[in-house]
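> I'll drop the sequence and a predicted model, then ask my questions.
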Amino acid sequence: MRKPAILPALLAASLLAGAVPAARAAERIVAAAPGALAAAIREAEPGDVLRLGDGRFDGPVLVDRPLTIAGGRDSRIVGPGTGSVIRVTADDVVLEGLAVSGSGTSLATIDAGIAIDKGVRRTVVAGNRIVGNLVGVDVQGGIDTVVRDNVIVGRTDLRRNERGPGVYVWNAPGLLVERNRIVRGRDGVFISTSADATYRDNVFSELRFAFHSMYADDIVVTGNVSRGNDLGFAFMFSKRIRAEGNLSVGDRTHGIFLNAVNGSTIARNEVRGGEKCLFFYDANRNRVEGNRFAGCGIGIHFTAGSEKNVIVGNAFVGNRTQVKYVGTRWIEWSEAGRGNHWSDHAAFDVDGDGIADAPYRPNDVVDQLVWSQPMARLLLGTPAVQLIRWSQSRFPGLLPGGVVDSHPLVAPGAAGLPTGPAVAALDGARNP
């Protein structure tokens with residue numbers, strides 16, 4: 001009888017199982033000391049957890065293998081003032097609970113607190129304090145990156161144009177940026193040529209633009225709060241954006257800004273105060289529905305031949321000028337017998353169906369004259385101008401064209417009034 005070939009069988013089983021068993025991931029405690037973190041990364045196996053003790057760890061730090069680097073109560077990684085502090089070049093890296101500072105100041109090289117290289121997959125940057133860097137997190141071509149629950153504070157010792165954004169995004173499909181608090185610097189999130197991403201429940205303050213996107217198709221922007229910035233949410237040269245449930249409070253120039261944005265949905269957002277609540281420039285085939293625009297100098301500035309947009313179910317409340325539109329054609333802002341609410345529209349609702357019995361026309365020939373010839377404002381109180389306005393109100397056929405809402409809503413209802421966690425936290429702080 002032949003003996004079984006035990007050794008060959010074991011070797012074959014080993015090959016089927018992957019030849020060499022993977023080493024078990026370990027958790028390593030790294031005490032603060034010069035060169036300690038770099039040495040720990042060199043010695044680590046893929047999947048290890050490096051748990052940093054309290055104290056200072058010197059940067060720059062290169063993470064070139066799949067690791068988790070977790071900070072303690074006072075774990076600080078401090079760069080030398082040049083370049084980026086932490087650079088990730090490997091897949092499946094997690095950076096959490098760290099305080100990161102000390103980047104360089106070069107916009108040309110995008111010096112950042114945390115920089116993620118092109119093609120790197122599944123990086124998670126969570127629960128960190130990234131303070132005083134030129135750029136907070138630089139996602140340069142990272143794939144399926146998560147930036148979550150961080151506090152990112154930019155620099156104020158540089159001129160505004162010399163500062164960087166809190167999160168810089170380029171060609172980063174699958175990106176998720178959520179529940180971050182981004183303060184100071186230049187822009188909160190700056191996107192240049194990057195599609196397929198979600199930005200939600202972030203809070204932005206003391207910035208130029210809270211959210212600034214260019215060439216960013218198929219992105220979702222929901223539940224974010226912009227407070228006290230120069231401009232809230234700017235969308236440019238993009239398609240199929242979904243911006244819903246965001247809040248702009250006291251942003252100085254614009255709450256929501258659309259420039260060459262097409263085929264997008266702007267829904268259930270709220271803008272409180274500012275020069276212009278909503279700005280439309282060469283934006284086409286968009287749906288603007290269920291938003292609340294309140295307390296602005298201009299509720300909506302609509303210009304540059306924007307066409308085929310649906311504007312319905314919105315509430316325009318207490319704006320000094322509800323609509324600014326200069327044009328000779330009529331634009332209908334209602335759909336299927338339902339329009340928008342206008343707080344300055346004095347009209348009856350005899351049948352009680354919630355639709356005013358008279359259409360709303362926000363602008364007349366005098367408005368258009370003043371916008372094109374500002375010195376004509378001196379004549380607004382004269383009897384001749386008042387007669388022109390009275391005549392147009394009685395004979396709409398004299399109007400030169402413009403916006404008309406044939407089915408205005410009597411009440412604002414629940415238009416706007418977003419309810420995401422970032423919005424709830426802000427309103428809770430304002431109204432304890």
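Structure received. Owing to the predicted nature of the structure, the values given are computational and were not obtained by experimental measurement. Residues are numbered from 1 along each chain as shown.

> which residues does the nearest residue to K308 once chain neighbours are set aside contact?
Leaving aside its chain neighbours, K308 sits nearest to R285 (4.7 Å; criterion: C-beta to C-beta, 6 or more residues apart in numbering). Backbone N, C-alpha and C define where each C-beta goes, glycine included. By C-beta atoms under 8 Å, 6 or more residues apart in numbering, the contact set of R285 is 262-263, 307-309.

> State the distance from R285 to A294.
R285 sits 26 Å away from A294, taking C-beta to C-beta, to the nearest Å as the criterion.

> Could you do N286 as well?
Per C-beta to C-beta, N286 is found 21 Å from A294.

> Same question for K308.
The spacing between K308 and A294, counted by C-beta to C-beta, is 27 Å.

> can you check T303 too?
Distance, T303 to A294, by C-beta to C-beta: 21 Å.

> Parallel or antiparallel, which strands does the helix or strand I300 falls within pair with?
According to DSSP states H and E, I300 maps onto strand 292-303. Paired strands of strand 292-303, with direction, are strand 270-281 (parallel), strand 315-317 (parallel), strand 321-324 (parallel) (DSSP bridges).

> Relative to D117, which of those is closest?
Minimum separation from D117 across the strands paired with strand 292-303 (C-beta to C-beta) falls at strand 270-281, 35.5 Å.

> how about the CA coordinates for that closest one, as PDB?
Extracted in PDB, the C-alpha atoms of strand 270-281 (Å, rounded to 0.1, in the frame of the first residue of the first chain):
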ATOM      1  CA  GLU A 270     -33.100  78.900   3.000                       C
ATOM      2  CA  VAL A 271     -31.300  82.200   2.600                       C
ATOM      3  CA  ARG A 272     -31.600  84.700   5.400                       C
ATOM      4  CA  GLY A 273     -30.200  88.200   4.700                       C
ATOM      5  CA  GLY A 274     -27.500  89.500   2.300                       C
ATOM      6  CA  GLU A 275     -27.300  91.500  -0.800                       C
ATOM      7  CA  LYS A 276     -28.800  88.900  -3.100                       C
ATOM      8  CA  CYS A 277     -30.500  85.700  -1.900                       C
ATOM      9  CA  LEU A 278     -30.200  83.900  -5.300                       C
ATOM     10  CA  PHE A 279     -28.300  84.800  -8.400                       C
ATOM     11  CA  PHE A 280     -28.900  83.300 -11.800                       C
ATOM     12  CA  TYR A 281     -26.400  83.800 -14.600                       C
END
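
> tell me the domain ranges of the chain?
Annotated domains of the chain cover 24-154, 195-364+400-421 [automatic domain parsing].

> State the mean pLDDT of the longest one.
Meaning domain 195-364+400-421. Averaged across domain 195-364+400-421, the pLDDT comes to 93.

> tell me how far that domain is from the chain's mean position?
Relative to its chain's centre, domain 195-364+400-421 lies at 16 Å (C-alpha atoms, centre = their mean, to the nearest Å).

> coming back round to it: which of T303 and A294 has more neighbours?
More crowded of T303 and A294, by other C-beta atoms under 10 Å: A294, with 22 against 14.

> Is it correct that that one is in contact with C277?
Yes - look at A294 against C277 with C-beta atoms under 8 Å: they come within range, at 7.4 Å.

> which residues are common contacts for these two?
With C-beta under 8 Å, 6+ apart as the test, A294 and C277 both reach 271, 319.

> where in the stretch 1-150 of the chain is pLDDT low?
The model of the stretch 1-150 of the chain has pLDDT under 70 over residues 1-24.

> What are the boundaries of the helices in it?
For the stretch 1-150 of the chain, applying DSSP state H, counting those that start in this stretch gives helices covering 6-16, 36-43.

> Export the contacts of R285 to JSON lines and append columns for neighbour count, distance to T123 and secondary structure.
Compiled in JSON lines, the contacts of R285 are given as follows (neighbours: other C-beta atoms under 10 Å; distance: C-beta to C-beta, whole Å; DSSP: H, G, I helix; E, B strand; the rest coil):
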{"residue": "N262", "neighbour count": "19", "distance to T123": "32", "secondary structure": "strand"}
{"residue": "G263", "neighbour count": "15", "distance to T123": "31", "secondary structure": "coil"}
{"residue": "E307", "neighbour count": "10", "distance to T123": "41", "secondary structure": "coil"}
{"residue": "K308", "neighbour count": "10", "distance to T123": "40", "secondary structure": "coil"}
{"residue": "N309", "neighbour count": "20", "distance to T123": "38", "secondary structure": "coil"}
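
> The residues you listed: which two are farthest apart?
With distances taken as C-beta to C-beta, the most widely separated pair in the contacts of R285 is G263 and E307, at 12.3 Å.

> per-residue confidence averaged over stretch 151-167?
95.

> Give me the contacts around it.
Stretch 151-167 has contacts (C-beta under 8 Å, 6+ apart) with 105, 107, 110-113, 128-137, 139, 147, 177, 180-190, 204, 207-208, 212.

> Can you list which of those are found in strands?
When DSSP state E defines the strands, the subset of these inside them is 112-113, 129-133, 135-137, 139, 147, 177, 181-183, 187-190, 204, 212.

> quick one: the closest residue in space to P34 that isn't next to it in sequence and G402, what's the gap?
Counting by C-beta to C-beta, 6+ apart, D58 is the residue found nearest to P34 once chain neighbours are left out, at 6.3 Å. Applying C-beta to C-beta, one obtains 64 Å for the distance of D58 from G402.

> so Y325 makes contact with V403?
Yes - using C-beta under 8 Å, Y325 makes contact with V403 at a distance of 5.2 Å.

> List the buried residues of stretch 67-74.
Of the residues in stretch 67-74, 67-71 count as buried by neighbour count, 16 or more other C-beta atoms under 10 Å.
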